[in-house]
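**Student:** Here's a sequence, model it:
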Amino acid sequence: MKKILFVLAAIFTFGVSNISADNDKLVKKSELPVESQQFINEYFAGVELTYAKLERDFLERSYEVVLADGTKIEFLGKGAWKEVDCRYSEVPAAIVPQAIREYVAKKYPGDKILKIERDRGNYELKLSSRYELTFNADYRIVDIDN
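**Tutor:** Below you'll find the predicted structure:
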């Protein structure tokens, strides 16, 4: 009986891993969620989209977009942005909450925000000076790495 249960568990695990593996699909800009399209049009107007990819995990969907200027944007399944990585430029200021912008301007004058990621209300930033800052949902600094 134990052997049968083990075999069934192994088959189930193998089946689930095959279902969730390699489910990436290239999509057109028009196939992105409306919120994602609006975000790109508002903050990256005039920058050509290099590619957009739908990533499917077992229960979740997300999108990865790469623009011609090297910017990489990750969107959640319904279209809200999760991460903006401007490798060769600065994250548009309007994306960054005002309290965080003010903190960075005061404590790190002259630094540019190259990357911002939000997850469950927390924000993680990477600055041009290589500092990485983490803010909580109240926009208070909770961690600094260099």
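
**Student:** what's the residue most central in space within the chain sitting at in phi/psi?
**Tutor:** Nearest to the mean C-alpha position of the chain, by C-alpha atoms, centre = their mean, lies Glu83 at 2.7 Å. Dihedral angles phi and psi of Glu83 (degrees, to the nearest 10) take the values phi -150, psi 140.

**Student:** Check what pLDDT it gets.
**Tutor:** Listed pLDDT for Glu83 reads 98.

**Student:** what bridges to it?
**Tutor:** Counting by DSSP bridges, Glu83 forms beta bridges with Glu74, Glu117.

**Student:** That one and Ile73 touch, don't they?
**Tutor:** Yes - at 6.9 Å, Glu83 and Ile73 qualify as touching, with contact defined as C-beta atoms under 8 Å. All C-beta atoms are positioned from the backbone trio N, CA, C, and that covers glycine.

**Student:** one step back: dump the residue contacts of the residue nearest to the centre of the chain.
**Tutor:** Neighbouring residues of Glu83 by C-beta atoms under 8 Å, 6 or more residues apart in numbering: Lys72, Ile73, Glu74, Lys115, Ile116, Glu117, Arg118.

**Student:** ok, and the closest non-adjacent residue to Ile141?
**Tutor:** Phe135 (5.8 Å; C-beta to C-beta, 6 or more residues apart in numbering).

**Student:** how about Ala93, what does it touch?
**Tutor:** Arg101.

**Student:** Tell me which stretches of the chain form helices.
**Tutor:** For the chain, the helices defined by DSSP state H occupy 2-20, 34-43, 98-107.
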